[in-house]
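Asker: Just need the structure, nothing else, for what follows:
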Amino acid sequence: MRGRCVSARRGSAQPGGSQVTGGLCPMGKAGKFMETTAKYQPKVEIASDAESLAHKSVEVFVKDAQKAITSKNVFNVALSGGHTPRRFFELLAEVPRARSLAWEKIQLFWVDERYVPPDSQWSNYKLAAETFLGRVGIPEFNIHRIPTEYGDFGVAARSYEETIRRVLGAKRGEIPEFDLIMLGMGADGHIGSLFPDSYACFDTTDLACVVYVLDEKLNRITLTHPVLCAASHIAVLVCGEGKARILKEIFTSEPDEVRYPVHALWPILDKVTWLIDRDAAKAM
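Answerer: Below is the predicted model:
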C-alpha cells in the first residue's frame, strides 16, 4: 500500500528555487508561554541529556514504524541530518527493537540535503550511511536519497519530487502524507533547509525546492512546508544549551514563519512531538 495524500495548496513559488541572504514534562512556565501562540497544547518530552534524547527518538521511530507497517504494510519516513541526530542514527543499528523492524517495509527519505556528492563530509545521506544504513538490512531500493549529481539544481529537485510521488502514490495536485518526519531545529528557528527570510518559506506548490545560499554555506534541496505539515506525525529534536534562547523565542513570539520557519508547524501542533534535552529546555 502507498502513503495517503491530501489536496495541495496553491501559492506563489519562486521560479528556480529560493535565496537566503544571510520523561514527559509538566509544562509549568512553558505552558504559559506556549498557550499564547498555539491552538493546541504542545506535546513536549524533556530528556535528561543528549543520550536520553537519542533513545527517546528511537522509541518514536519504532512506535510509528510498527503502527504504519501493521496498518498498511509500509512505513514512509523522512529524516534530517546535522549534528543532533547522529546518536539517534547509531542507536537505530544498536537497539534490538529498532534492528528487528521489518526494514524491507520501510521507505526512507531525507528532509533536506546539501548539494554535495553523497560521499562528502557535508552529506546528510553519508551520515546515515555511516551510522545505520548498512547495518539494519534495509534494501537499497528503499533508500531514496536526494540526488545531487545533476548539473542543474532544479532538475535534481524535480527528480526527487517525482520519486516521492511514485513511492507514496501521490498524483499531481496532491501532497503525500509521510508517516513520520523527523526534524532538527537550528539556532535561528529553521527546519529542514527552510531558513529565515528565504523564498522557500513561500513555496506551497512544489514538494521539494532549491535553496541557494549566499553566505558561504552550501546550496540545498529541501522538502517544502506543505509536505512537512501533511505528515501524520512530526518529531522535532532540539539538543544543547545553544538552542535554549530560540526555544523560548519561538514559544513566546507571535507566529511568523518567515522570521521563524518552525512556526510553519503551528497550525498542526497536535501532530508534533517536541523532543528536547534539559539543556535546551533551560529557558522554558
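
Asker: pLDDT weak spots in the stretch 1-150 of the chain?
Answerer: 1-40 (pLDDT under 70).

Asker: Tell me where it has helices.
Answerer: 28-35, 50-72, 86-92, 96-99, 124-131 (DSSP state H, counting those that start in this stretch).

Asker: how about the ones you listed in CSV, adding mean neighbour count and distance to Ile250?
Answerer: Yep, even glycine has a C-beta here, placed from its N, CA and C like the rest. Listed next are those as CSV, based on neighbours: other C-beta atoms under 10 Å; distance: least, C-beta to C-beta, whole Å:
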stretch, mean neighbour count, distance to Ile250
helix 28-35, 16, 9
helix 50-72, 18, 18
helix 86-92, 21, 22
helix 96-99, 14, 30
helix 124-131, 19, 23
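
Asker: got TSV for those helices, with distance to Gly169 too?
Answerer: Shown next, in TSV, are the helices of the stretch 1-150 of the chain (distance: least, C-beta to C-beta, whole Å):
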stretch	distance to Gly169
helix 28-35	35
helix 50-72	11
helix 86-92	26
helix 96-99	26
helix 124-131	24
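
Asker: who's in contact with Trp110?
Answerer: Ala78, Leu79, Ser80, Gly81, Asn124, Tyr125, Ala128, His144, Arg145, Ile146 (C-beta atoms under 8 Å, 6 or more residues apart in numbering).

Asker: quick one: it from Ile143, how far?
Answerer: Computed as C-beta to C-beta, to the nearest Å, the Trp110 to Ile143 distance reads 10 Å.

Asker: Phi and psi next, for the nearest residue to Trp266 once chain neighbours are set aside.
Answerer: Excluding the flanking residues, the one nearest Trp266 by C-beta to C-beta, 6 or more residues apart in numbering is Pro255, at 4.7 Å. Here is the backbone geometry of Pro255 (degrees, to the nearest 10): phi -60, psi 130.

Asker: what about Pro255, how many residues close to it?
Answerer: 15 (other C-beta atoms under 10 Å).

Asker: my read: Ala281 touches Ser48, true?
Answerer: No. Using C-beta atoms under 8 Å, Ala281 is not in contact with Ser48; the gap is 10.4 Å.

Asker: neighbour count winner among the two?
Answerer: Between Ala281 and Ser48, counted using other C-beta under 10 Å, Ala281 has the larger neighbour count: 20 against 11.

Asker: What pLDDT is listed against the more buried one?
Answerer: What the model reports as pLDDT for Ala281 is 91.

Asker: Not including adjacent chain positions, what is the nearest residue to it?
Answerer: The spatial neighbour of Ala281 that comes closest, neighbours along the chain excluded (C-beta to C-beta, 6+ apart), is Ile46 at 5.0 Å.

Asker: Hmm, that neighbour is touching Asp279, no?
Answerer: No. The pair Ile46 / Asp279 is not scored as a contact, 10.1 Å apart, by C-beta under 8 Å.

Asker: Tell me how far the residue nearest to Trp266 lies from Glu249.
Answerer: Separation of Pro255 from Glu249 (C-beta to C-beta): 12 Å.

Asker: Which helix or strand contains the residue nearest to the spatial centre of the chain?
Answerer: Residue closest to the mean C-alpha point of the chain, counted by C-alpha atoms, centre = their mean, is Leu183 at 3.1 Å. Taking DSSP states H and E as the criterion, Leu183 maps to strand 180-184.
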